[in-house]
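Peer 1: Following is a predicted model, sequence given first.
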Amino acid sequence: MATFSFLKRCVRITSMLRRERRTSLLFPFSALPPDILVGCLKIQTFPKRFQAIGLHSRVQSLHYTPRTNSSTMATSEKKYAYTTLVTRGSYLAGVIILAYTLKKQGSKYPLLVFYTPGLQHAAIKALELEASKLNLILKPCEMLQPRSEMKITLIAERFKDTWTKLRVFEVFDYDAVCYLDADMAIFKNMDSVFSRADTLPSDWIAANHACVCNTDKDKWAPEEWNVDNCAYTPLSHPTALSHPTQVTPDSRPTHHLLNSGMFLYHPSKNLWDSMLHFFNTTSKLSTYNFPDQDFLADFFHNRWASLGWQYNALKTMRYQHPNLWRDDEVVCLHYIVDKPWVARVSADGTAGFKGKDGVTHGWWWKQHAAWVEDREAENATEVLGLMEQYVAKADGSEEDDPDMRAIGSKVQAFAGNRPGKENAAPGAKDGEVEDGGEKQVSEPLRKKVLGERGHGPVVHSRGNDETPT
């Protein structure tokens, strides 16, 4: 009878311990008689749930080691998201394939798509149709423009849209957010970028360096843009993945230049208010030739951390920096200069305005084909029809739409839409303005569109057409 009573007491206390497990509170073990404590330890589940520490003449305390389960993780998980911006239908294909590849590679987080009032109805409809399938959250937003008295001297009129990219800092209900340009595609799980969020100060961003090699000696580039001054030049595989060139107050000026195609940030009202105040008061806006990129580099001067090249792999770096590039390490590929969806890869494997980007453009078209196959299997004829308006024809010809031609193989000519010599840029938006002495047009050929972004000239391919995993 005494033994039974003893066991009942042990079971009762063990039940109390199990309740403590659900609240993660420390049970006052020092108050237990040693014999009762030993009895509890003999109960089958008890030693599997707790780890004894500080054992002396009697057990002074026990520390609970919680199990990892869905309910525990749900309360401790940070809230993350991706953002992007689209202002023209000519970027619809880019946004959809970005979202498709992001999900295909296993991302757990939504993509917030900011779009402006000028976006065509067909493009909005396509995004609405894809929203539930690709974990999209559509965010209509107003254009962001400098105050009217500012004299803005952009390198190309179409870059005026990109001030609006700054609005992605207005999403305050997330712990960390990763912005991705609409001309990107994902080839490995991008969620790993959020591992940097915990160590990133709340008023900093994490981004990638600009590539300033300028081996083609483009006329638009400032003198200091050369191989020796490029932050990627001293790097090599595999250390380049985890140990990029760091930015310090003493870094050379070209190492302070960032590429705004991808950046990680902690959104907050305080940060946005500070950015908006700077935007509305600084006179520096008149010196920016590339709105979002120059603004971010200026506002976050000495407050940005560099990420591995793989998170913003400029397509030209595949040939410009072969010492660090590996196809199978690419996480996020950035299609700077001309966009792959505007022209098919030719039969001989060439693509791009210089014919040197067939490999990486081929990767994009492979993902597009997979998306089409998925939607055809679902009989999603409406979105297929809408998407077809904004990709190159199957016969290989480019679209006649001026918005599409402006981001296609004639991108360099359209980039000639710029101010006169008195407003010439001290450093152009990498590889998108002038090409080694080619004649540029002097008059605008089209309306403004969402600005292309990137750094570095287009250089030769290595001829490998394998898609990265």
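Peer 2: Now that the structure is in, tell me what you want to look at. Residues are numbered from 1 along each chain as shown.
Peer 1: low-scoring stretches of the stretch 201-350 of the chain, by residue?
Peer 2: Counting by pLDDT under 70, the stretch 201-350 of the chain shows low-confidence ranges at 289.
Peer 1: redo that, cut-off 80
Peer 2: Applying pLDDT under 80 to the stretch 201-350 of the chain flags the ranges 215-221, 287-290.
Peer 1: need the strands for it, in chain order.
Peer 2: Using DSSP state E, counting those that start in this stretch, the strands of the stretch 201-350 of the chain run over 205-209, 258-265, 304-306, 313-314, 332-334.
Peer 1: Where do the helices of the protein begin and end?
Peer 2: For the chain, applying DSSP state H gives helices covering 2-23, 34-42, 46-49, 70-76, 92-104, 121-134, 239-242, 269-281, 291-299, 317-320, 358-377, 381-388, 402-405, 411-414.
Peer 1: Mean pLDDT lowest where, among these?
Peer 2: Least confident of those, judged by mean pLDDT, is helix 46-49 with a mean of 40.
Peer 1: contacts for stretch 368-377?
Peer 2: Residues from elsewhere that reach stretch 368-377 (C-beta atoms under 8 Å, 6 or more residues apart in numbering): 93, 96, 97, 100, 104, 341, 383, 384, 391. All C-beta atoms are positioned from the backbone trio N, CA, C, and that covers glycine.
Peer 1: Can you verify my assumption that the fourth one contacts residue 111?
Peer 2: Think residue 100. No. Taking contacts as C-beta atoms under 8 Å, residue 100 lies outside contact range of residue 111: 10.1 Å.
Peer 1: one step back: okay, the strands of the stretch 201-350 of the chain in CSV with distance to residue 321 next?
Peer 2: Below are the strands of the stretch 201-350 of the chain laid out as CSV (distance: least, C-beta to C-beta, whole Å):
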stretch, distance to residue 321
strand 205-209, 11
strand 258-265, 13
strand 304-306, 15
strand 313-314, 9
strand 332-334, 14
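Peer 1: do you know which of these lies nearest residue 165?
Peer 2: Evaluated over those, closeness to residue 165 peaks at strand 258-265, with 7.3 Å, by C-beta to C-beta.
Peer 1: Pull up the pairing partners for that closest one, direction included.
Peer 2: Its sheet considered, strand 258-265 pairs with strand 176-180 (antiparallel), strand 205-209 (antiparallel) by DSSP bridges.
Peer 1: With residue 404 as the reference, measure out to residue 393.
Peer 2: 11 Å (C-beta to C-beta, to the nearest Å).
Peer 1: circling back to that earlier point, just name the most buried of the strands of the stretch 201-350 of the chain.
Peer 2: strand 313-314 (a mean of 28; mean count of other C-beta atoms under 10 Å).
Peer 1: list the helices and strands it packs on?
Peer 2: Judged by 3 or more C-beta pairs under 8 Å, 6 or more residues apart in numbering; DSSP states H and E, the packing partners of strand 313-314 are strand 332-334.
Peer 1: residues contacting residue 294?
Peer 2: With C-beta under 8 Å, 6+ apart, residue 294 has these contacts: 287, 288.
Peer 1: Figure out which of the strands of the stretch 201-350 of the chain is closest to residue 163.
Peer 2: strand 258-265 (11.7 Å).
Peer 1: Export only the CA atoms of that closest one, formatted as PDB.
Peer 2: Output of strand 258-265 as PDB, limited to C-alpha atoms (Å, rounded to 0.1, in the frame of the first residue of the first chain):
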ATOM      1  CA  LEU A 258      26.400  48.600 -54.300                       C
ATOM      2  CA  ASN A 259      24.100  46.900 -56.800                       C
ATOM      3  CA  SER A 260      20.400  47.600 -55.900                       C
ATOM      4  CA  GLY A 261      19.000  44.500 -57.600                       C
ATOM      5  CA  MET A 262      18.900  42.600 -54.300                       C
ATOM      6  CA  PHE A 263      19.100  43.800 -50.700                       C
ATOM      7  CA  LEU A 264      18.100  42.600 -47.300                       C
ATOM      8  CA  TYR A 265      16.700  45.000 -44.800                       C
END
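Peer 1: I am finished for the moment; much appreciated.
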